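Novice: return atomic coordinates for the entry below.
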Amino acid sequence: MPETPPIAFGDNIRVRATPDTEAHGVAGLVGQVYGWTTPSVTRVSVIGQLTDDYAVNVHFDDRKETFWFVPELLEFIDHAVGTEIRVGGVPKSWVRSETGEWIEKPDKKP
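Specialist: Numbering: from 1, shown residues only. Reported below is the predicted structural model:
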């Protein structure tokens, strides 16, 4: 059986059902990873029991909300193939591939 890749920026995930996630009403929800942080520095509120100084931010489109989680509460679904990101003022974008790589794509000339 292939190993599940580590959860990374842009991945689609499912929140595992635990007492903590059920109490916050997020158990079973599917969302997209928007980033990570070190809670000791940023002082974000994290769902789950911190064992490392690392938390993952997940955005839920249906709820228009984000939450911070310990990684153990998140289940990898896929790399969100086709997701495109842009940075203001930069004449290119990046598109997610099946392998999780971000492929640089220059803007088309007008």
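Novice: okay, CA-based contacts and neighbour counts for the rest of this
Specialist: Will do.
Novice: from Lys92, how far off is Cys15?
Specialist: Small correction: residue 15 is Val, not Cys. Separation of Val15 from Lys92 (CA to CA, to the nearest Å) stands at 32 Å.
Novice: just the residues contacting stretch 20-29, thanks.
Specialist: Stretch 20-29 is contacted from outside by 14-18, 47-48, 60, 73, using CA atoms under 8 Å, 6 or more residues apart in numbering.
Novice: got the end-to-end distance for that stretch?
Specialist: 13 Å.
Novice: what sits against the nearest residue to Val33 once chain neighbours are set aside?
Specialist: What sits nearest to Val33 in space, not counting adjacent residues and going by CA to CA, 6 or more residues apart in numbering, is Val58, at 4.5 Å. The contact partners of Val58, by CA under 8 Å, 6+ apart, come to 31-35, 66-69.
Novice: pick the one among the residues you listed closest to Ala80.
Specialist: Comparing these against Ala80 with CA to CA places Gln32 closest, at 8.1 Å.
Novice: so what's the closest one up against?
Specialist: Counting by CA under 8 Å, 6+ apart, Gln32 touches 9-13, 58-60.
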